[in-house]
Every structure is written in C-alpha cells, then in structure tokens.
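Chemist: Requesting a structural model of the entry that follows:
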Amino acid sequence: MIIKILGSAAGGGFPQWNCNCRNCADVRRGVTGLEPRTQSSLAVSIDGRNWTLLNASPDLRQQIAATPELNPASLDPPRSSPIKSVVLTNADVDHVAGLLNLRENQPLFLYADRRVLSALAQNVIFNVLDEEYVARVPIQRDRMFEPAGCPGLGIEAFAVPGKVALYLEDEKAGSDFGTAEGDTIGLKLIDLRTGRFACYVPGCAAVDDALIRRMTGAAVILFDGTLYSDDEMILLGLSQKTGRRMGHISMSGPDGSVAALARLQADRRIFTHINNSNPVLRKSSPEREWVESAGWEVACDGMEVIV
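Modeler: As a prediction, this is how the structure comes out:
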C-alpha cells in the first residue's frame, strides 16, 4: 500500500495568509528549517495507478498538480483521472472545500458519515458535484468497505473523540456544541493482499482505550498533530481558543498524544494536520527534538509511506 501525504498542515496552511506569527513570518523569509505546507489531505493506492483521496483540502488542485501519480497519463482519454474516490473524516472546511476542485463531471465516489453527507447536502454550492457523476455513499462505522475503483484496498471507519465542524456548532446545545458520533472519524486503511494496515486520524480530541485497541498493530499511524501545547494559540495572541475547545488533543502534557499513545504498538508514528503555531514545524526546535526522541515523525508535503 502506498500513502502519499498531499498536505500536512492544519486549516489555513503554512504560512497562513493572514498570520504573522514567528513561524509564518520566518517561513515567508525562507528561514532554514521551515517548509511551507498545504492543508491536510492524503492519497492512498494499492497498485499505484488507482487512487483514493482521504479528505479534500482547499489546496487540492495544487496538490494534484504537484503529484504526478494523480495526473492523467499520457495515453489516457481527453477527460480522465486516476482519482477514483474520496473519503472524508469530518465536515471541516479544510477537509471538504477541495471537493469543489473535483466538479468537472468526472465520475467519482464520495464516502462519508451520514452527518457529513447531510452537511454537504444542505450547502447548495456542493451541487456542482453532479450526482449523475459523483455518487455519495454513506459510511457504516466499524464495517469495512472497498472504495470503488481501488482494488485491494479496504477501509474501515471508526468514531474518535472530536467535535462538530466549526460552522455547524450550535452554542445552544451545551458544551459539546451539538457534536454527535460520526462528526469525527478515523480510518483504518487495509492492504487486503497482505493484511497490513495503517490508521489515519487527522482530528482527535482525546485518546481513550477504544482508540488504542483500534490502532494497535498498525504499520503506521498518521495522527492529529495540530498543536504542541493546549494553550499555544492563546499565548501567541492568535486565538482565544484552547486545543480542547477546537477538538484537538495536544502533543505534549500528561494527557497529550505522545504520553497517551506511548503504550501503543505501532511500527511508525507520524504527526500530520500541523497548525502554523506549532513549534515542531522548526526542525531545530527543542519541541521537534522531543517528539522525535519519543519515536514520532513530523509529516511534510510529498512524503510517501509504504505499508
């Protein structure tokens, strides 16, 4: 199984268009040890010819152009694409806006939880994905399916602690803002030829025993790396929200993902969906050294993972 990390940044990308934090300012200046990043998305394939996208970043057109495997081959018909399907893990803008790049009457299958498909159906702009060409298929959690056009690939969706998308929050609903199971899911990616699997969890609010059991034995986990510390955006003057309020577990701290997943049995651990405020973006930072010493890698755009 081949996994291509198309985009490794959280919403807004890196640098974010309106952010002048130290990280964003320095990456614009070309400071050594910092790399620009597009917003979170993956592509996965068994045969290297037929691909499934995992989330559709607002930067998807740029990501496809930068990835030769996702472009039509020289002998393909005038209208064609090796992208056969898209699977969404939530309804966040940084995971669904890129669907608008796939509007050119290209046959596709779109898989998502029913609540996410409902959010798309309520927004008429997504009608540009003509249902005559783009089939919208609800995912049944905890039940494997084989995405259309990608032979040998199995995907199993599972609920993870999270939060409803920002634009769907209902403050009258209480502290969970109307969040329900299915608003955030993780994906188990299975090579049906070998049985080896990877887990993709770009958004997660907490690590519980069920999640650890689900990911145990993975060849690789690609996990929510949004923030290093829960209050980093507040301390930098970028936001008044903590990571917990945004539905993201932090890397550090006694309840952070590094500590919570220390007992997980997995061959590789990779952080993705990394916010522009996160100090691990700096290759020489003590925070980067700490996560790497704990056995974690930090994803970058274009990174390829073989399972």
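Chemist: For the rest of this, base every contact and every neighbour count on C-alpha atoms.
Modeler: Fine.
Chemist: Strands of the stretch 101-250 of the chain, residue ranges please.
Modeler: Assigned by DSSP state E, counting those that start in this stretch, the strands in the stretch 101-250 of the chain fall at 108-112, 134-138, 153-159, 185-191, 197-201, 218-224.
Chemist: The ones you listed: which one's closest to residue 48?
Modeler: Proximity to residue 48 (CA to CA) singles out strand 153-159 among the strands of the stretch 101-250 of the chain, at 11.5 Å.
Chemist: which residues touch the closest one?
Modeler: 45-46, 139-147, 181-182, 184-192 (CA atoms under 8 Å, 6 or more residues apart in numbering).
Chemist: export the strands of the stretch 101-250 of the chain to JSON lines and tack on mean pLDDT?
Modeler: What follows is the strands of the stretch 101-250 of the chain, written out as JSON lines (pLDDT from 0 to 100):
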{"stretch": "strand 108-112", "mean pLDDT": "97"}
{"stretch": "strand 134-138", "mean pLDDT": "97"}
{"stretch": "strand 153-159", "mean pLDDT": "97"}
{"stretch": "strand 185-191", "mean pLDDT": "97"}
{"stretch": "strand 197-201", "mean pLDDT": "98"}
{"stretch": "strand 218-224", "mean pLDDT": "98"}
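Chemist: can you tell which of those strands is closest to residue 35?
Modeler: Comparing the strands of the stretch 101-250 of the chain by their distance to residue 35 (CA to CA), the top pick is strand 218-224, with 18.7 Å.
Chemist: which residues are contacting that closest one?
Modeler: 196-204, 215, 248-249, 265-274, 307.
Chemist: from those, which would you call buried?
Modeler: 197-204, 215, 248-249, 265-266, 268-274, 307 (16 or more other CA atoms under 10 Å).
Chemist: taking those one by one, which sit in helices?
Modeler: Of the buried ones among the contacts of strand 218-224, the ones assigned to helices by DSSP state H are residue 215.
Chemist: circling back to that earlier point, make a PyMOL selection of whichever of the contacts of strand 153-159 turn out to be buried.
Modeler: Burial among the contacts of strand 153-159 is assessed by 16+ other CA under 10 Å; the matching PyMOL selection reads:
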select buried, resi 45+46+139+140+141+144+147+181+182+184+185+186+187+188+189+190+191+192
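Chemist: which residues of the stretch 51-200 of the chain fall in helices?
Modeler: Assigned by DSSP state H, counting those that start in this stretch, the stretch 51-200 of the chain shows helices spanning 60-65, 93-96, 114-121.
Chemist: Out of those, which one sits most buried?
Modeler: helix 93-96 (a mean of 21; mean count of other CA atoms under 10 Å).
Chemist: how far out from the middle of the chain is it?
Modeler: How far helix 93-96 lies from its chain's middle: 9 Å, per CA atoms, centre = their mean, to the nearest Å.
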